[in-house]
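J.: return atomic coordinates for the entry below.
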Amino acid sequence: MNKGIPFRQRATPYAFIAPGLLLLATFFTYPLLDTFWLSLHRYNIFHPPVWVGLDNFRRAFGDELFWRVTANTLLYAAMVVPALVVVSFILALLVNATIRGIRIFRTAYYIPVVTSIVVAGIAWKWLYNSDGLINALLRGFGIAGPSWLADTRGVPAALLNFIGLEVTSGWFSEPCIALASVAMVTIWKASPYYMIIYLAGLQGIPPQLEEAARVDGAGWWRIVRHITIPSIQPYTLVVSIIATIGALRTFGEVYVMTSGGPFHRTNLLAYYIYTLGFKYLEVGYAAAVSLLLLVLILVFAIINFRVAGGDADK
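T.: A predicted model of the protein is given here:
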C-alpha cells in the first residue's frame, strides 16, 4: 500500500517524533537501564563495581530500616493523596464561583506552587519551631503546642490526651506528629496545582445541567453531589494518580525540614535513597531501592486506573 508514497513523505512522521524519542532515550531509557545495571553490583565511587546479582534486592527485603521507611512512605501517601483530592476540589469550587474580586484569589492560591520547596520548607520550619508563630498563637488560647517536627507521638494519641484520655501506643501511635506536619506542607504546596486541573473540569461542565437542576429545585449541595462530582470523575483520576506518584517520591520537604528524623519517623523512600547513594556511597544498594520504589509507584498507578476507571464505566 505504501509503494506509491514517496520515501520523503513516509519518513516525515518519523522525523517529527525523532527528537522526542531521542529525549526519551537520553533522560529515561538510559538512566533506567543504568540503574538496573548498578542494582546488580556492589559499587561506590572509590572502588570498581563488583557483580552481586540480586543480593542488593535480598538485602532490601531483609533490611528493617527499608521496611520502616516504606511504611512511612505508604502512610504519608495515605495522608496526602485524599487530602489533596478534597482540598484542591474545594479550592476549585471557590475559584470557579462567580464572586466579585475572585481573580485576585485565583492568583494568590497559586503562589505556593511557584514557591521553591527550599523557601517553603524553611518558612514552615520556622512556623513549626517551638517558639514559632503556630505555637505562639496556640499559647494565646492557653494551649501548649508540641515540637511539631520532633514529636514522635501519634496524632490520634495526642488529640485524645488533649481531651483528657490517656493513650500512649497501639493504633493511636500513627501517624506521628512530625510526619503529619511534613505532610501538611506537601498539601499546602501541591493543592493549588491540582486545583487548576479540577478548575478545567468544572469549566467544562455544560451550564445547562446546573440550570435544569435549579429549575427542579436542587440546592447547591445536590448539584455538587449529583452533577459536579460525577462530571469531573476523569479529572479526579488524573489528580489521584499524579498526587500518588508525587507523594511516593517526596524528597524536598524531608530534606529541608527534618532530614528523616526523629528516629527515622519522617524518613521516606526518596530521601532514604539519597542518603544511601550520596551519604553512605552505597550506589548499588541505592539503585536497587530506587527500582523497588519504581515498582511501588507503578502498582499504585495501576490500582488507581482500575478503581477510578471502573467507577467511571459505571
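J.: so which helix or strand of this protein has the lowest pLDDT on average?
T.: Here the helix or strand of the chain ranked lowest by mean pLDDT, DSSP states H and E is helix 102-109, holding a mean of 74.
J.: mind giving me the packing neighbours of the helix or strand following that one?
T.: Downstream of helix 102-109, the next assigned helix or strand under DSSP states H and E is helix 111-114. Other helices and strands packing on helix 111-114, by 3 or more Cβ pairs under 8 Å, 6 or more residues apart in numbering; DSSP states H and E, are helix 177-203. Where you see a C-beta, it was placed from the backbone N, CA and C, and this is true even at glycine.
J.: tell me which residues in the helix it packs on are buried?
T.: Under the neighbour-count criterion of 16 or more other Cβ atoms under 10 Å, helix 177-203 has 177-187, 189-199, 201-202 buried.
J.: what does the average pLDDT come to for that helix?
T.: The average pLDDT within helix 177-203 is 94.
J.: now the angle between helix 102-109 and that helix, please.
T.: 140 degrees (axes from the mean of the first three to the mean of the last three Cα atoms, to 10 degrees).
J.: let's verify residue 48: helix, strand, or coil?
T.: Assigned with DSSP: H, G, I helix; E, B strand; the rest coil, residue 48 falls in the strand class.
J.: how far does the least confident helix or strand of the chain sit from the chain's center?
T.: Offset of helix 102-109 from its chain centre (Cα atoms, centre = their mean, to the nearest Å): 24 Å.
J.: what's the answer for stretch 110-118, then?
T.: So, by Cα atoms, centre = their mean, the centroid of stretch 110-118 is 15 Å from its chain's centroid.
J.: just to revisit the earlier point, mind giving me the packing neighbours of the least confident helix or strand of the chain?
T.: helix 64-96.
J.: average pLDDT across the helix it packs on?
T.: Across helix 64-96, the average pLDDT comes to 95.
J.: buried residues of that helix, list them for me.
T.: 66, 69-70, 72-77, 79-81, 83-85, 87-89, 91-93, 95-96.
J.: what angle sits between it and helix 102-109?
T.: Going by the same axes, to 10 degrees, helix 64-96 makes 170 degrees with helix 102-109.
J.: next, name the residue at the spatial heart of the protein.
T.: Taking Cα atoms, centre = their mean as the criterion, residue 247 is the residue nearest the geometric centre of the chain, at 2.2 Å.
J.: that one against residue 75, yeah?
T.: No: look at residue 247 against residue 75 with Cβ atoms under 8 Å: they stay out of range, at 10.2 Å.
J.: from the chain's centre, how far out does stretch 277-285 sit?
T.: Worked out by Cα atoms, centre = their mean, stretch 277-285 lies 24 Å from the chain centre.
J.: start to end distance for it?
T.: From its first residue to its last, stretch 277-285 covers 8 Å (Cα to Cα, to the nearest Å).
J.: can you give me the neighbour number for residue 25?
T.: 12 (other Cβ atoms under 10 Å).
J.: look up how far residue 11 lies from it.
T.: 19 Å (Cβ to Cβ, to the nearest Å).
J.: residue 166 too?
T.: Applying Cβ to Cβ to residue 166 and residue 11 gives a distance of 75 Å.
J.: ok, the two, which is more surrounded?
T.: For residue 166 versus residue 11, the count of surrounding residues by other Cβ under 10 Å is larger for residue 11: 11 against 7.
J.: state the distance from the more buried one to residue 26.
T.: Distance, residue 11 to residue 26, by Cβ to Cβ: 22 Å.
J.: how is the protein divided into domains?
T.: As assigned by automatic domain parsing, the chain contains the domains 1-28, 40-313.
J.: thought residue 76 was touching residue 253?
T.: No: using Cβ under 8 Å, residue 76 makes no contact with residue 253, being 9.6 Å away.
J.: shared neighbours, the two?
T.: residue 182 (Cβ atoms under 8 Å, 6 or more residues apart in numbering).
J.: spatially nearest residue to residue 41 (excluding sequence neighbours)?
T.: Among residues not flanking residue 41 along the chain, residue 49 sits closest, at 3.8 Å (Cβ to Cβ, 6 or more residues apart in numbering).
J.: which ones are touching the one you found?
T.: Residues in contact with residue 49 (Cβ under 8 Å, 6+ apart) are 38, 41, 42, 43, 284.
J.: any idea how many residues pack against the last one?
T.: The one in question is residue 284. Residue 284: 24 neighbours (other Cβ under 10 Å).
J.: same thing with the first one?
T.: Residue neighbour count, defined by other Cβ under 10 Å, stands at 21 for residue 38.
J.: for it, pull up the helix or strand it's in.
T.: For residue 38, the element it lies in under DSSP H and E is helix 30-39.
J.: check the offset of that helix from the chain's centre.
T.: Distance of helix 30-39 from the chain centroid (Cα atoms, centre = their mean) equals 24 Å.
J.: all set now, cheers.
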